[in-house]
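**Student:** pasting the structure only:
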């Protein structure tokens, strides 16, 4: 059975990915074609059923992403979530078969010295801890310019996720106390190594099916003796808002994060235990400023007043952990563990991990949309600060293709219908901003501005709306960098993604070794001579139609003239009929 060009392109994506050998790809292509599987979505489903691809891998391939599945010897299997600094993937070491969690720095942060330093500090700190209640860090590496941390893989929810699965968002007292007890034991090891975690909260406690608790995320950890780098310099890089999460931070840490000590982590763990017991935080205000003020000035409710079934002794333990003055709290985390032991019961945990992953990806979508908004705002601010752009020299054209900040087109949507191939990662709605630079008034010197303006009559029409963008220069560069003629503020687009060149008769589009490639009419291309009507896919799903403005203008003009002539003839006919009726009546 003959296969379509689109299907052949999908098989090419599979072969180029390295996930399945070229020999096996050839065998599978023939086998599935004979079985009548003739769509790329159908092929993807079959490969998932056979265990040859994961859903994450298939979805990336369906949107044309064949690279980025490997970080050295680690093959990415699934997306576990996203944090403030990086993606966390479930991965396998192809040499040993070991399943690990791989935390990869966000692509848009790889040139940020401060974030690179913090990321490396997190890796070095994690390698210092070896305890059953701490997520183990195995190593640190870099591939393709992106640093990554290799960590223990824990298949289980965070405490926050577990609370959301429970009625009234709280746990039985004996289970909540045991989770806090285990976390305190892990924290004691952190403190013995000279560190303060500074970000203990329900999100940073993972729980496996046996009820074993593991602390993660040492991105804000601080070494009290300064052995792990100059924390003061780090604070200057990040600013003093880098103090943890407002709902769980201690009063002294909120004032000066450099003054945090082990008792600050005890306070944060107290807030976490409060949430596990009651389903609420000690100071549940909507504004962070009000929450921080509460930590400083208000006495939190007693957990026994919120949930009367909680033993009074447990209420006293929580109250002591939440004392305003550090000296009034437990002196160490191990004292907290000892106090909670008598009230603790280790409890297995039931959960649907696939559902948890789906919820994490929904949360990631929201976080990424926020990151993108902030990046776009910062980029616009930086552009306007660098040089003023007049209304005549630049036009903001907003289109509505998918625009995500995913470094490699990650997606978690289930493979249902044909929507996966059309939607893109997480199905985001926020459009990228496109900045079209006038070739004459632009003052930024670059290779893209080395030739005068020309009138070829051709342009690029955003398929989701917006005016035609004229190809007014040769060459005409498309990319994310400020020097590009068509600047697309979308992280899935490379700095210099593609180049349009004109030979006097035809325009040719060339891929400038972009990270995500270019597709013309659904086919991946390195170089393509364009014809009017060609549909160009840039990055994830920014679609542009190559169009002849002169023909369209002529057609539109001719249509307008025909409409005007028709209207005149119609009016003349009406006038003639009226005049004839008048004479007939006479």
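**Tutor:** Done, it's in. None of these values were measured; they are calculated from a predicted model.

**Student:** CA atoms for contacts and neighbours, from now on please.
**Tutor:** Noted.

**Student:** how deep is residue 572 tucked in, by neighbour count?
**Tutor:** By other CA atoms under 10 Å, 12 other residues sit near residue 572.

**Student:** Can you tell me the element it falls in?
**Tutor:** Assessed by DSSP states H and E, residue 572 sits inside helix 549-585.

**Student:** Give the ranges of residues in the stretch 401-550 of the chain that sit below the confidence cut-off.
**Tutor:** Applying pLDDT under 70 to the stretch 401-550 of the chain picks out residues 401-456, 464-465, 541, 550.

**Student:** in it, which spans are strands?
**Tutor:** Taking DSSP state E, counting those that start in this stretch as the test, the strands found in the stretch 401-550 of the chain are 433-437, 458-462, 469-470, 476-479, 486-489, 498-502, 507-511, 518-520, 523-525, 527-529, 535-538, 542-548.

**Student:** between those strands, which one is nearest to residue 247?
**Tutor:** Proximity to residue 247 (CA to CA) singles out strand 486-489 among those, at 33.5 Å.

**Student:** Can you tell me the strand partners of that closest one and which way each runs?
**Tutor:** According to DSSP bridges, strand 486-489 forms sheet pairs with strand 433-437 (antiparallel), strand 476-479 (parallel).

**Student:** Figure out how far it is from the centre of its chain.
**Tutor:** In terms of CA atoms, centre = their mean, to the nearest Å, the centre of strand 486-489 is found 19 Å from the chain centre.

**Student:** distance between the ends of stretch 103-120?
**Tutor:** Start and end residues of stretch 103-120 are separated by 11 Å (CA to CA, to the nearest Å).

**Student:** cool, stretch 8-24 as well?
**Tutor:** Chord length of stretch 8-24, first to last residue, is 15 Å (CA to CA).

**Student:** ok, now stretch 480-487?
**Tutor:** End-to-end for stretch 480-487, by CA to CA: 5 Å.

**Student:** Kindly report the same for stretch 184-203.
**Tutor:** Distance between the two ends of stretch 184-203: 15 Å, counting by CA to CA.

**Student:** List the buried residues of that stretch.
**Tutor:** In terms of neighbour count (16 or more other CA atoms under 10 Å), stretch 184-203 has its buried residues at 184-191, 194-203.

**Student:** average pLDDT across that stretch?
**Tutor:** Average pLDDT, stretch 184-203: 94.

**Student:** and stretch 39-53, how far out from the chain's middle?
**Tutor:** Distance, stretch centre to chain centre, for stretch 39-53: 25 Å (CA atoms, centre = their mean).

**Student:** now swap in stretch 296-314 and tell me
**Tutor:** Here stretch 296-314 is found 38 Å from its chain centre; the criterion is CA atoms, centre = their mean.

**Student:** now swap in stretch 185-195 and tell me
**Tutor:** On CA atoms, centre = their mean, the centre of stretch 185-195 falls 31 Å from that of its chain.

**Student:** likewise stretch 250-258?
**Tutor:** The answer for stretch 250-258 is 30 Å, by CA atoms, centre = their mean.

**Student:** What of stretch 304-319?
**Tutor:** 40 Å.

**Student:** Now tell me what touches it from outside.
**Tutor:** By CA atoms under 8 Å, 6 or more residues apart in numbering, the list of residues contacting stretch 304-319 from outside reads 173, 270, 273-274, 277-278, 300, 302-303, 336, 339-340, 343.

**Student:** Next: stretch 172-192.
**Tutor:** Applying CA under 8 Å, 6+ apart, the contact partners of stretch 172-192 are 129, 131-134, 196-197, 205, 211-215, 262, 265-266, 269, 272-273, 276-277, 310, 332-334, 336-338, 340-341, 343-347.

**Student:** Ok, stretch 151-168 next?
**Tutor:** Applying CA under 8 Å, 6+ apart, the contact partners of stretch 151-168 are 90, 99-103, 135-139, 169-171, 202-209, 276, 279, 351, 353, 356.

**Student:** Quick check: end-to-end length of stretch 457-475?
**Tutor:** With CA to CA as the measure, stretch 457-475 spans 15 Å from end to end.

**Student:** same question, stretch 126-140
**Tutor:** This stretch, stretch 126-140, spans 10 Å end to end (CA to CA).

**Student:** pretty sure residue 253 is in a helix, no?
**Tutor:** Yes. Per DSSP: H, G, I helix; E, B strand; the rest coil, residue 253 lies within a helix segment.

**Student:** neighbours around it, how many?
**Tutor:** If you count neighbours by other CA under 10 Å, residue 253 ends up with 20.

**Student:** One more: residue 575?
**Tutor:** Using other CA under 10 Å, residue 575 is surrounded by 12 other residues.

**Student:** What confidence value was assigned to it?
**Tutor:** pLDDT, residue 575: 71.

**Student:** what does the one 10 residues further on give?
**Tutor:** Confidence per residue is given as pLDDT, and for residue 585 that number is 62.

**Student:** Low-confidence stretches in the stretch 51-200 of the chain?
**Tutor:** Looking at the stretch 51-200 of the chain by pLDDT under 70, you get 84.

**Student:** what's the closest of the contacts of stretch 304-319 to residue 23?
**Tutor:** The nearest one, if we look at the contacts of stretch 304-319 relative to residue 23 and count by CA to CA, is residue 273, at 55.0 Å.
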